[in-house]
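Enquirer: Mind looking at a prediction? Sequence and model below.
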Amino acid sequence: MNDIYLKNIVTLELDKEKCIKCGMCLNVCPREVLAKNIDNKVTIISKDKCIECGACAKNCPVSAITVNSGVGCAYAIIKSKILGGEPNCGCSEKGGCC
Amino acid sequence: MLINNKQLEKKKLSNLFLNTTQHASTKLSFSDRIKHFSLRLGINREKTAINTGIYSVGNPSTISPVFVSANYLMSFNYLRSSLNNVDAWIMVIDTKGINVWCAAGKGTFGTEEIARCINKFNLSKIIDHKNIIVPQLGASGVSSFEIKKLTGFTVIYGPVESKDIQQFINASYKATKEMRKINFDLWDRVILIPVEIIQTLKYLIPVSILLYFTSTPLLYGLLFSVFSGLIITPILLPYIPFRSFILKGWFIGLLVESILFAYFNNFGVFGIIGSLLLFSAISSYLAFNFTGCTTFTSPSGVQKELEMYIKPLIYSAGAGLIIICFHFVRSLI
């Protein structure tokens, strides 16, 4: 399945100098965005596949990875544009959920 | 001998804790399946949230693995039903009745809640080891090294899908590359359609009733826009041209509405043009909302789509509405 979303838009950044080769980011990425290099350091292999879930950044003990992650529901983003504030899909409130 | 005594004591202690833990069967009952069905329709979600706490599966001991789960019924049920013939503990944390993936995105399935539950439920008194297995899709809310710092427990990330858990256990808690990948196949998309439709009903039903008594072509136009945005687009998603969901929905909307109004060709040229503009925009908006359901869209991408296409979308809908009104006013004169 052709499952790449918009190209050249992802905010994922990796500072190779900081990488300590623990490989935790590889364990948590559900999209095969990252891989180990020959020197065992991690590198970004398919940036456009990244869905900015933020799992890699959150589990990197040396903050080598940064990404603007957040709620990705269109409804939440539109609502936050109109009403202001952070996008929130309202899933923990009463009513339906995505 | 001393060690044995110590172990025995621990075992007694853990048996004591058995009274504070609840047992979870690995078999799903008929009523579970009914509840799953209603959850898929988005009905009674708040009422099906399960109690937090430690659950035992099979006959676990102090060395059995601990799986962390959300208090969303389906998350918990999928986990326990995949633990057939396994002795294990399940620690259910409070995610406000939301599934692991969505709750992790919001941070409710997160570091703090896991740490709180480890302490609250005295996990270190129930088991001898210091490992917890967290579903991989919870990782966006969980910082493994912070949990280690806060509680001394090591986080092992389990597979994305619960069906791989047995294989994961047999491979001494290692997930293969394939288990780490999230898929979004036809069935994954189809199963999300009902809840999306139910959510539009509160607008769709009153407007449909109004249109039923006023204009048949507009009634069909509206129903077909929902059909194309919420059913056709998700089903054919990978095969529709364009990467943008707004454009995908627009494209399918125009296609479906064109076919429909080729049938209603006596609606008048203004009525048809107005309908195409309005209903394709509705289909487009509904398709755009499906970004929240997929597993391959990013917040930055959704933001970008919004910046690029939301104005044309509003203009199209607005112009369509004005032209339709003009059509009706003209036919009255």
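Expert: Nice, I can see it.
Enquirer: And residue B:8, what's its pLDDT?
Expert: Looking at residue B:8, its pLDDT reads 51.
Enquirer: Extract the residue ranges of the chain that are flagged as low pLDDT.
Expert: In the absence of a named chain, this looks at chain A. A:1-2, A:89-98 (pLDDT under 70).
Enquirer: meant chain B, my bad for not saying
Expert: Judged by pLDDT under 70, the stretches of chain B that qualify are B:1-19.
Enquirer: So out of everything in it, what residue is nearest chain A?
Expert: As assessed by Cβ to the nearest Cβ, chain A sits closest to residue B:292 within chain B, at 3.0 Å. Using the backbone N, CA and C atoms, a C-beta is placed for each residue, glycine as well.
Enquirer: how close does that residue sit to residue B:302?
Expert: Going from residue B:292 to residue B:302 by Cβ to Cβ, to the nearest Å gives 8 Å.
Enquirer: between these two, who's got more neighbours?
Expert: residue B:302 (31 against 23; other Cβ atoms under 10 Å in any protein chain shown).
Enquirer: Pretty sure residue B:92 sits against residue B:53.
Expert: Yes - assessed by Cβ atoms under 8 Å, residue B:92 is found in contact with residue B:53 at 6.0 Å.
Enquirer: between these two, which one's more packed in?
Expert: residue B:92 (25 against 16).
Enquirer: Do a quick rundown of the strands in the chain.
Expert: Answering for chain A, as no chain was given. A:13-14, A:34-36, A:42-44, A:65-66 (DSSP state E).
Enquirer: was after chain B, sorry
Expert: Taking DSSP E, the strands of chain B run over residues B:22-23, B:53-57, B:66-70, B:88-93, B:131-134, B:154-157.
Enquirer: just so I know, which of those lies nearest residue B:333?
Expert: Proximity to residue B:333 (Cβ to Cβ) singles out strand B:66-70 among the strands of chain B, at 60.4 Å.
Enquirer: Quickly list what's touching both of residue B:292 and residue B:302.
Expert: Jointly contacting residue B:292 and residue B:302 under the rule Cβ atoms under 8 Å, 6 or more residues apart in numbering or on different chains are A:72, A:73, A:74.
Enquirer: if we look at chain B, which of these are close to it?
Expert: Contacts with chain B within the shared contacts of residue B:292 and residue B:302, as defined by Cβ under 8 Å from any Cβ of the partner chain: A:72, A:73, A:74.
Enquirer: doesn't residue B:292 make contact with the second one?
Expert: Yes - applying Cβ under 8 Å as the test, residue A:73 and residue B:292 come out as touching, 3.0 Å apart.
Enquirer: Which residue is the nearest non-sequential neighbour of residue A:32?
Expert: Using Cβ to Cβ, 6 or more residues apart in numbering or on different chains and skipping residues adjacent in sequence, the residue nearest residue A:32 is residue B:181, 6.3 Å away.
Enquirer: So what's the gap between the longest helix seen in chain A and the chain middle?
Expert: The single longest helix within chain A, with elements called by DSSP state H, is helix A:74-83. Put simply, helix A:74-83 sits 20 Å off its chain's centre (Cα atoms, centre = their mean, to the nearest Å).
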